[in-house]
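J.: give me a model of this one.
(chains A, B, C, D, E and F)
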6 protein chains.
Amino acid sequence: MPSGLVISAHAADFVWRSGGAIALHAREGWDMHVVCLSLGARGESAKLWRQEGMTLDRVNAERTDETRRAADVLGANLRLLGHLDYPMRITEDTILQLADTIREVAPSFILSHAPGDPWNFDHELTSRVAQEAQIISQAKGHNPQVPSAKPVPILMYEPHQPENSGWKPDLYLNIDPVFDLKRKAFECMDAQEWLWDYHTRVALQRGNQAWLNSGTRITHAEAYQTLFPRVVSSFPAI
Amino acid sequence: MPSGLVISAHAADFVWRSGGAIALHAREGWDMHVVCLSLGARGESAKLWRQEGMTLDRVNAERTDETRRAADVLGANLRLLGHLDYPMRITEDTILQLADTIREVAPSFILSHAPGDPWNFDHELTSRVAQEAQIISQAKGHNPQVPSAKPVPILMYEPHQPENSGWKPDLYLNIDPVFDLKRKAFECMDAQEWLWDYHTRVALQRGNQAWLNSGTRITHAEAYQTLFPRVVSSFPAI
Amino acid sequence: MPSGLVISAHAADFVWRSGGAIALHAREGWDMHVVCLSLGARGESAKLWRQEGMTLDRVNAERTDETRRAADVLGANLRLLGHLDYPMRITEDTILQLADTIREVAPSFILSHAPGDPWNFDHELTSRVAQEAQIISQAKGHNPQVPSAKPVPILMYEPHQPENSGWKPDLYLNIDPVFDLKRKAFECMDAQEWLWDYHTRVALQRGNQAWLNSGTRITHAEAYQTLFPRVVSSFPAI
Amino acid sequence: MPSGLVISAHAADFVWRSGGAIALHAREGWDMHVVCLSLGARGESAKLWRQEGMTLDRVNAERTDETRRAADVLGANLRLLGHLDYPMRITEDTILQLADTIREVAPSFILSHAPGDPWNFDHELTSRVAQEAQIISQAKGHNPQVPSAKPVPILMYEPHQPENSGWKPDLYLNIDPVFDLKRKAFECMDAQEWLWDYHTRVALQRGNQAWLNSGTRITHAEAYQTLFPRVVSSFPAI
Amino acid sequence: MPSGLVISAHAADFVWRSGGAIALHAREGWDMHVVCLSLGARGESAKLWRQEGMTLDRVNAERTDETRRAADVLGANLRLLGHLDYPMRITEDTILQLADTIREVAPSFILSHAPGDPWNFDHELTSRVAQEAQIISQAKGHNPQVPSAKPVPILMYEPHQPENSGWKPDLYLNIDPVFDLKRKAFECMDAQEWLWDYHTRVALQRGNQAWLNSGTRITHAEAYQTLFPRVVSSFPAI
Amino acid sequence: MPSGLVISAHAADFVWRSGGAIALHAREGWDMHVVCLSLGARGESAKLWRQEGMTLDRVNAERTDETRRAADVLGANLRLLGHLDYPMRITEDTILQLADTIREVAPSFILSHAPGDPWNFDHELTSRVAQEAQIISQAKGHNPQVPSAKPVPILMYEPHQPENSGWKPDLYLNIDPVFDLKRKAFECMDAQEWLWDYHTRVALQRGNQAWLNSGTRITHAEAYQTLFPRVVSSFPAI
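T.: Below you'll find the predicted structure:
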């Protein structure tokens, strides 16, 4: 079966931004892998920090639990790399490790962040890290004893304030068949409850736009920006 | 069978820039339609004008003949609208007529020029005209007795100096199965013989880039920029 | 009292895109003026055209009625210029007339469309027309017997697919105090019922972003892109 | 001797924006030609319109006189085409006439406006007109009895608010040898006295930047954006 | 009283680029804080290095003295962080320290460099550092025992060659009431005397543009580009 | 004699992308210097790695030999800095060393990579490194005992997929007099034989565009994007 790989800055990004794609392909039998560089404990767990006497360890434990449950709902294999956030710093070792993950998983696509997000430099860094790992995965002289990867399409999911982040969607994915799963995964993320309805509405707005662009009635969609050109053997018939 | 529509500023643009797409789909049985707004007699027939005593009528006759032969080679139905070039001016009537053509042909895609070309304002205008015709074809109140069209993807083929025309390819089409036909169509265009080898090399360079982006050996390709987002039900497996 | 002016391509654009700003300022006693270049009868009244035996006259009558009711709900003075849509064409006369309207109304701001919208060339044209009218309103030699206008800020409201229309919001307006009125105005626009919930969600998403950018709890907002730089005497204290 | 051509929207644009280039080359014996599409009577003669009982005829007479004197100071041949401004509208005839002017003058460069100026649509139109005329001048089938022009570099001079007009200078011209003439030409333009010092400071700021980019002490400069790539046989030695 | 914070790459940047904003708000009783990452000793003290036998220590001493005097003139509290310049390198520690400064100062705005400056990578880095510090200051899990900051507007002052640095002003500040102080602060910066008149002219050019955009006579202004959208409760009346 | 400096990410970049400029100026007696940050052993030597039992040392030896031969053919002095590639990491020390090289060589131009290349982050880094070294070379306080450099034009050669790398050529160099040498240098690079014909075609396409832009028959050209504005004393006559 084919496989897909998601490289997520914080624990919950993959849920809000690409949970539909994960569930959709997992349901069809794909091997879906999610790597979270961090848990988002410092910068994306505000609700937890409002509790009296909260500590980083407790936030980490809570976020780990939430994330595992969400990944299970979506049907993804989860790897938590345990880096810090706000600020995130990633060394060359982690990038090489991700390159090896790409070789091992041999994904048909990588989902990750877009390069611009002036509100969230961890997202920008993760975008860069995912891209560099993909480049290195193809270098025949990197770990030459392991076969190098083929070029992999990188699809960049939606930032929170897309117009001011330079992100332009060129690909809408109909997620109607799995939106209930995506919503269920939202509800695993207790620390960010304020985003459940926000991202439900994102799915509805993208669904409307997908309908307008296709002429096909779609209710929920996810939007992506494609990093590299795609290559085809013929154009699809409508 | 499905159909495709090309809206070309001058007689030969469709040959150089999308001849592969035309031949490829025609060969598979698609109805391929080409509309040429002009013959390019004034601005793109320099070789003819170098002949002693040349007149506009003779250039038009020669270009009409070349264009018909090229369309035949590629397997396209050809409509010559007979507008002038350098400068081209298009009235609302022609745009409405093109909107009706889109309804009639019901293409799965429209191929035309990209919006920017500082060396060729006829190309810019044709891009605009094709886009406006597509918009109107969907308006239920335009010729309400005829069913309105569905949204149609517009693929913008390559300008001559792409980097300074703001054009960015996001779609490569493998045209290896038909490159011999494309080259044969080139050779119908006597008035622009200097472009035969130029566009053969374009096909080879785009082929190389298609290979790099896909990991699949491709020799000849055409490159396009997609105007609207596309909508899919799942991502393709590699 | 101060005044504001909205220049809207079609009958309903001002409702979806700037109904909050209109109601908010009208409620505070401002003179709010709306000019609709067209009724959107051909291209933005799909629901009406689906009725058996519909005619342009009947669509116009229905849209006129809807629009008047919505303007009343919002508290705006309405001028319907009666141009056609899909395609819209505007002559110099209308632009000069709008320049005179700007002089007469002396608005503190003009709300209109943004310059880019590849799905809707009437919106692009209206943006251009509004901008040119504002420029001419300042020319001392245009109708020199009437005092020329001061420079007026132009705020460009949201297109339907903002990321691919080149629109970037730099100004969020809290419309919580009037969102019920805005929704009530939505419900006057029977011909576009499918947009009621869509634009309710737009208001909620923009409200969330306004909250994030201000640190102040806001539920509903409208977003705008400012055309010209603003000039201040000091920066606001938080 | 070589020649240069300036295509100016209003009477004074060529003075403020390219007076140095005109004087510099005229002084070296070049034939310098200036075409003014309009006198700027309606939109750029505010000081005159503040006089009691002013009429369009009197503004035109005054502006014609000023412009002729400025052109004389700079050493330019002047053609006043007499179009209106604010708004300017240019028909195909004028563009063809300009194409013929380009063939006749055979300039080594064309100086004109840049394509973007949200404060001044006459400037945007003139930029477009100049570009289209240059394109047509090369079309062998336009007036085929006259030899077609060679490609001519178009250098776009500075708009008033450059950063928000999308203009980026890539070429600085040292105008120290003629700045006194440029200033003298400023002082012919009585109707826009408020710009004399403004454009003197522009020359000084551009001079400073020219110094920084070259390492050569320059006091006054003009800045231009080049439309087309230039072609060289070797790079210059410092 | 409210407060403001300036994060400046080199000792003198805050003077040239935002001295007016500092003096204006200080005069109104605001607490104005300036942090200089470096003294600019290596790259922005050319006049000092032209003296015989100059050493880094002497340049540092001179620049420290100049900077303190300028800050006093403007009414700012000054912190000199003592990093090196040309090249500047900033570690995570300094960024976290700046995040804490933002929490402590609780500024209503942050003034700093814009992200692009191909002539000055220290400026680019400082822009990035200021933005990341602001992001971290809001992260509840960073130093959770200290209350997190609210979102703070970042206003990016003018680079030296703005058009080629991608900077676009959207906000002009009238500094007429304090321009004499700003000029006095210029004159403290002996090491960069060549910039006194340059930045006086910048203030005059920006003043002219502020006048054009507001219709209000303004002589001296500073221009800024706003990083994040602003949020308002109503639009201002003219 | 004047000199030029090329700063190349991998061993072969200078050959494909600027071999014509190197040979052309070397032939005229210029001192042409090439610095290769790396040999491209890991990421750009695929053909070698396909050999059984290949090791990094053997790849390095082969690439060193190829590169020396190509530099000899072109007439360049070669410095191999020996950094790794895929990923490349460059410390401050190397940048300072390059700044000193710029002072020592005193080049009339620097040729290097453009800032964007989503397929090749080593190219992006090299562009940044070259720019920062050039900035530091001008700082009087860097190694103050050595005279600082003058500003040097940076010309950015062509990436492999230019339209999607944000690169726009503004300068074409006619390399017809030396194309045979450039091709001979290609043929030294055995490890990348697949690029010989590709870059031959690049030279032909750029030659065609150079011809179109100049009106002068040119067969082979190289294209460059200029980083900084150039400064001139007059415009060239055609």
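J.: what residues does chain A have near chain E?
T.: Within reach of chain E by Cβ under 8 Å from any Cβ of the partner chain, chain A has these residues: A:41-43, A:45-46, A:49-50, A:54, A:56, A:59, A:85-87, A:89, A:118-121, A:164. C-beta coordinates here come from the backbone N, C-alpha and C atoms, glycine included.
J.: repeat the analysis, applying 10 Å as the threshold.
T.: Residues of chain A lying near chain E by Cβ under 10 Å from any Cβ of the partner chain: A:40-50, A:54-56, A:59-60, A:84-87, A:89, A:117-122, A:124, A:161, A:163-164.
J.: isn't residue A:123 up against residue A:87?
T.: No: using Cβ atoms under 10 Å as the test, residue A:123 is too far from residue A:87 to be in contact (11.8 Å).
J.: so the two - more neighbours on which side?
T.: Taking other Cβ atoms under 10 Å in any protein chain shown, residue A:123 and residue A:87 do not tie; residue A:123 has more neighbours (26 against 20).
J.: spell out the secondary structure type for the more buried one.
T.: Classification of residue A:123 using DSSP: H, G, I helix; E, B strand; the rest coil returns helix.
J.: neighbours around residue A:196, how many?
T.: So residue A:196, with other Cβ under 10 Å, has 15 neighbours.
J.: just confirm it contacts residue A:187, I think it does.
T.: Yes: between residue A:196 and residue A:187 there is a contact at 6.4 Å, judged by Cβ under 10 Å.
J.: and residue A:158, how many neighbours does it have?
T.: Around residue A:158 there are 22 residues (other Cβ under 10 Å).
J.: typed the wrong thing, it's residue A:57
T.: Look at residue A:57: counted by other Cβ under 10 Å, it has 9 neighbours.
J.: phi, psi of it?
T.: phi -60, psi -40 (degrees, to the nearest 10).
J.: any idea how far it lies from residue A:81?
T.: Counting by Cβ to Cβ, to the nearest Å, the separation of residue A:57 from residue A:81 is 17 Å.
J.: likewise residue A:146?
T.: Separation of residue A:146 from residue A:81 (Cβ to Cβ) stands at 20 Å.
J.: which one's more surrounded, the two?
T.: With neighbours defined as other Cβ under 10 Å, residue A:146 and residue A:81 compare such that residue A:81 has more, 16 against 13.
J.: and whatever helix or strand residue A:19 lives in, what's buried?
T.: Per DSSP states H and E: residue A:19 is located in helix A:13-27. Across helix A:13-27, burial judged by 16 or more other Cβ atoms under 10 Å in any protein chain shown covers A:13-26.
J.: stretch A:122-142 near chain C at all?
T.: No: taking Cβ under 10 Å from any Cβ as the criterion, stretch A:122-142 and chain C are apart, separated by no less than 14.3 Å.
J.: what residues does chain A put near chain F?
T.: Within reach of chain F by Cβ under 10 Å from any Cβ, chain A has these residues: A:92, A:95-96, A:99, A:115, A:128, A:131-144, A:148, A:151, A:154, A:227-229.
J.: which of those residues fall in strands?
T.: Judged by DSSP state E, strands contain the following of the residues of chain A next to chain F: residue A:154.
J.: got a quick PyMOL command for the buried subset of the residues of chain A next to chain F?
T.: To isolate the buried ones among the residues of chain A next to chain F in PyMOL, judged by 16+ other Cβ under 10 Å, type:
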select buried, chain A and resi 95+96+99+115+128+131+132+133+134+135+136+137+138+139+140+141+142+143+148+151+154+227+228+229
